[in-house]
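Visitor: Give the three-dimensional model of this entry:
(one chain, ligands or ions: 1)
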Amino acid sequence: MTDTIFPQLEIPETLAAGPGPGNTDPRVLERFSKAGVADHMQPDVLRGMVEAKHMLRQVWGTKNIHTFGVAGTGWSGLDCMMSAIMPGDTVVAFVNGTFSGIDGLTIRMKAATAEELAVDSLNPKPAGVQIIEIPHGQSVSGEIVEKALAEHKPKWAFMAHWETGSGRVNDLAGFAEACERHGALGLVDAVSSLGVSDFAIDDYPGVAAWASCPQKGICCLPLTYAPVSFSDRYIAELKKSGTRTFVHHPIMEARHWGIVDGKDVDKPVYHRTHSAYAVAAFHEALRIALTETVADRAKSYAHHEAALRDAVEAMGCEVTSNMTSLIVLNLPGKLAGREMELVQSCRAKGFGIWPTLSEPVQVRIGILNQLNEPAVTDIALRFAQAMNDFGAEIDLEAVEERLKTHYATRMAAE
Ligand SMILES: *Cc1c(COP(=O)(O)O)cnc(C)c1O
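Guide: Numbers count the residues shown, from 1 in each chain. You can find the predicted model right below:
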């Protein structure tokens, strides 16, 4: 292998029908590929970042001045959001699936003292952090949050808005209210909900910081920006305690987006190199979200999720999720236990669905950026065919007919 120059990398066109990434809009890819060569301080690149910041505040419904993008994926934004958690801090984190579980790990790493980290550095268990586990397939309720915050009175509280691992929507209003009542600084993983769910940050004053990702509801995979937003209270707390990161420092990173000393400025300040291509793509994705409106997108997701849910239930599957971009299901009795095999056979054919990443093994089928009847019908038929390959006897024409009827009656009712 040492002296080999490999042939050019060809990646086939597949259907990303999982929890994310979703298909990136061709208009976003076009902006990405048509951006000229320009450095990170070129005036149009900087203008694009400033405009993107303003559009992101609209998409997210917030006046939080510290609202911008962190280069990278969801975990990059989440790392930036968690940066103010310092060793010895008290935190209550609610975990109901794979992703909030990893968020819980991030929190434990940041809140651990040096001694606590040294005991088990890859899986620290600091005394100040309470992880409240909610069983897979269930949502975090306001009552659960209220009870835990009343008991532990932590400095920070954490919850995922939409837990993509189990496909569950958690009680954001209940979480935010409990944070306010008990004076906790709320932190929310909104990686899966931004751009899919119709919510506004400023309706939840109990939440001090939010983090999302580029490639789910924002439909901007060409590795761009993980949106983050911080309240003034978070920033004041951060200024007081400090944090041991330069690159993910919310105050320092904000400067390149033209946010300096808590104010919008016309002249951004260098923080790190940004890509003209990434800026152009992110800018376009936000323009599209605002043109379509988040409210309409949310309605469309609900509309198409209901159709796909109806189709897979008619195939005998049991749906346990309640997110609108994703269906998490158990296969019918006869195929139970073969989830992983079935998912692998679909993926081998370019139909990118997913298993759950933690126990129990379930199938996850997503509709990110697949918001039309032919696309949902295609997903349902590919899935039905895959089940038939494993011995289910599903009538494909009946599936197609059922979807047609579902859409026609829903359309008439709306
Ligand atoms: C996808 C996801 C993540 C991880 O995001 P990456 O973009 O893979 O870094 C974190 N939290 C939730 C809720 C997610 O859905």
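Visitor: Torsion angles phi and psi at the spatially closest residue to Cys317 that is not a sequence neighbour?
Guide: In space, and not counting its chain neighbours, Cys317 is closest to Leu329: 4.3 Å by C-beta to C-beta, 6 or more residues apart in numbering. Every residue, glycine included, has its C-beta placed from N, CA and C. Phi and psi for Leu329, reported as degrees, to the nearest 10, are phi -140, psi 160.
Visitor: Just list the residues touching Leu329, thanks.
Guide: 312, 317-321, 362-365 (C-beta atoms under 8 Å, 6 or more residues apart in numbering).
Visitor: Roughly how far does it sit from the ligand?
Guide: Separation of Leu329 from the ligand (C-beta to the nearest ligand atom, to the nearest Å) stands at 18 Å.
Visitor: Ala398 belongs to a helix, doesn't it?
Guide: Yes: when DSSP: H, G, I helix; E, B strand; the rest coil is applied, Ala398 is found to be in a helix.
Visitor: Just give the closest residue to it, not the sequence neighbours.
Guide: Ala314 (7.8 Å).
Visitor: you'd agree that neighbour is up against Glu401?
Guide: No: using C-beta atoms under 8 Å, Ala314 is not in contact with Glu401, being 10.2 Å away.
Visitor: Please identify which of those two sits among more neighbours.
Guide: Taking Ala314 and Glu401 together and counting by other C-beta atoms under 10 Å, Ala314 has the greater number of neighbours (17 against 11).
Visitor: Neighbours of Gly391, how many?
Guide: By the criterion of other C-beta under 10 Å, Gly391 has 9 neighbours.
Visitor: wait, Thr73
Guide: Per other C-beta under 10 Å, the neighbour tally for Thr73 reads 20.
Visitor: what residues are up against it?
Guide: Contact analysis of Thr73 by C-beta under 8 Å, 6+ apart lists 213-215, 223, 226.
Visitor: Can you name the residues of the stretch 101-250 of the chain sitting close to the ligand?
Guide: With C-beta under 6 Å from any ligand atom as the criterion, the stretch 101-250 of the chain comes near the ligand at residues 160, 164, 189, 191-192, 213.
Visitor: Sort out for me which of these are in strands.
Guide: Within those, residues falling in strands by DSSP state E are 160, 189.
Visitor: For the residues of the stretch 101-250 of the chain next to the ligand, which entry has the maximal number of neighbours?
Guide: The residue in those with the most neighbours, by other C-beta under 10 Å, is Ala160 (34 neighbours).
Visitor: Do I have it right that that one meets Val188?
Guide: Yes: if you go by C-beta under 8 Å, Ala160 and Val188 touch, sitting 7.4 Å apart.
Visitor: Please tell me how far Gly142 sits from the ligand.
Guide: For Gly142, the distance to the ligand - C-beta to the nearest ligand atom - is 19 Å.
Visitor: wait, Gly350
Guide: 21 Å.
Visitor: That residue contacts Ala17, doesn't it?
Guide: No: with contacts counted by C-beta under 8 Å, Gly350 stays clear of Ala17, the gap being 10.2 Å.
Visitor: The residue nearest to Cys317 pairs with what?
Guide: Val319, Val363 (DSSP bridges).
Visitor: More neighbours: Gly350 and Ala17, which one.
Guide: Neighbour totals were compared for Gly350 and Ala17, and Ala17 leads with 27 against 12 (other C-beta under 10 Å).
Visitor: and that one, what are its phi and psi?
Guide: Main-chain dihedrals, Ala17, degrees, to the nearest 10: phi -120, psi 50.
Visitor: isn't it right next to Arg347, touching?
Guide: No: between Ala17 and Arg347 there is no contact under C-beta under 8 Å: 10.1 Å.
Visitor: what's the overlap in contacts for those two?
Guide: Here Ala17 and Arg347 share the contacting residues Ile353, scored by C-beta under 8 Å, 6+ apart.
Visitor: what ranges do the helices span in the stretch 101-250 of the chain?
Guide: 114-119, 142-152, 172-182, 232-241, 250-255 (DSSP state H, counting those that start in this stretch).
Visitor: what's near enough to touch the residue of the chain found nearest the ligand?
Guide: Nearest residue of the chain to the ligand (C-beta to the nearest ligand atom) works out as Gly74 at 2.4 Å. Residues counted as contacts of Gly74 (C-beta under 8 Å, 6+ apart) are 189, 191, 211-213, 216, 226.
Visitor: Phi and psi next, for it.
Guide: According to degrees, to the nearest 10, Gly74 has phi -50, psi -50.
Visitor: picking that back up, now, of the contacts of Leu329, which are buried?
Guide: Listed as buried from these are 312, 317, 319-321, 362-365; burial here means 16 or more other C-beta atoms under 10 Å.
Visitor: tell me the contacts of the most centrally placed residue in the chain?
Guide: Note on the chain: the residue nearest the mean C-alpha position is Val191, at 2.0 Å, using C-alpha atoms, centre = their mean. Applying C-beta under 8 Å, 6+ apart to Val191 gives the contacts 74, 77-78, 99, 160, 162, 164, 211-213, 216, 226.
Visitor: if I look at it, how far off is Asp120?
Guide: Going from Val191 to Asp120 by C-beta to C-beta, to the nearest Å gives 26 Å.
Visitor: and Thr67, that one's in a strand?
Guide: Yes: according to three-state DSSP, Thr67 belongs to a strand.
Visitor: Could you give the number of residues near it?
Guide: When neighbours are counted by other C-beta under 10 Å, Thr67 comes out with 23.
Visitor: Also Cys219?
Guide: 23.
Visitor: what residues are up against it?
Guide: With contact set as C-beta under 8 Å, 6+ apart, Cys219 has these partners: 22-25, 28, 195, 285, 288-289, 368-369.
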